[in-house]
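J.: Got a predicted model here, sequence first, then my questions.
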Amino acid sequence: MELEGLDVAHLLFSVECPSRRSTSATACGPSCFVEVGARDLLAPDGVATAAAAIGASIRALDVAGGVMAGAEGWFQKILSLVPRRPMSVGGSPRYGVYDTDFGLGRPSKVELVSIDKTPGTVSLAEGTDGKRGIEVGVALPEAEMARFAECFADGLLQL
């Protein structure tokens, strides 16, 4: 598999951080930016490499001015990465989407439809029972989805 000529892969995600913020704001959603060499991700220990880079990005929130350090440049940084097709994460297993009840009962299926308009985005939610499991949503153009499904199936066979 090739990452379409990219030498560096990018991941963008927001972080829930009430224990890390230094303001009295009730909500906080700083962005984490992860950069990893594409070849490193394709190596046999690529998943471990990705996990280590994500962990380092999260730990960096605890230093150098707190979680909002550099916030004024986040939007521009995100825009600069768009041509490089970064991967991003929408949603969280902590949002409790299956606990939401607008008077019609709990939902039986929730999908983050906005990921369809943002290539490279995956959605995360807790499992439908709200207690275990994680739902992962992926939206790709048809040919890329077929390729993803093939790679995913191959990965399952290796478990």
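T.: The structure has been received and is ready for your questions. Numbering: from 1, shown residues only.

J.: And for the residue lying closest to residue 112 once chain neighbours are set aside, the neighbour number?
T.: Excluding the flanking residues, the one nearest residue 112 by C-beta to C-beta, 6 or more residues apart in numbering is residue 123, at 3.7 Å. Heads up, the C-betas are built off the backbone N, CA and C, glycines and all. Neighbour count of residue 123, defined by other C-beta atoms under 10 Å: 21.

J.: Beta-bridge partners for the spatially most central residue of the chain, please?
T.: When C-alpha atoms, centre = their mean is applied to the chain, the residue found nearest the centroid is residue 89 (2.4 Å). Per DSSP bridges, the residues bridged to residue 89 are residue 122.

J.: Quick check, it in contact with residue 31.
T.: No: contact between residue 89 and residue 31 fails when scored by C-beta atoms under 8 Å: they sit 10.5 Å apart.

J.: counting contacts, what elements does the longest helix along the chain pack onto?
T.: Assignment by DSSP state H gives helix 142-157 as the longest helix of the chain. On a contact count with 3 or more C-beta pairs under 8 Å, 6 or more residues apart in numbering; DSSP states H and E, helix 142-157 meets no helix or strand.

J.: how far is it from where the chain is centred?
T.: Centroid separation for helix 142-157 versus its chain: 19 Å, with C-alpha atoms, centre = their mean, to the nearest Å.

J.: What's the separation between residue 13 and residue 93?
T.: The spacing between residue 13 and residue 93, counted by C-beta to C-beta, to the nearest Å, is 13 Å.

J.: Specify which residue of those two has the higher count of neighbours.
T.: Taking neighbours as other C-beta under 10 Å, residue 13 and residue 93 compare with residue 13 leading, 21 against 15.

J.: part of a strand, is the more buried one?
T.: Yes: judged by DSSP: H, G, I helix; E, B strand; the rest coil, residue 13 forms part of a strand.

J.: before we move on, what SS does the residue of the chain positioned farthest from its centre have?
T.: No residue in the chain has its C-alpha farther from the mean C-alpha position than residue 103, which lies at 30.4 Å (C-alpha atoms, centre = their mean). Following three-state DSSP, the label given to residue 103 is coil.
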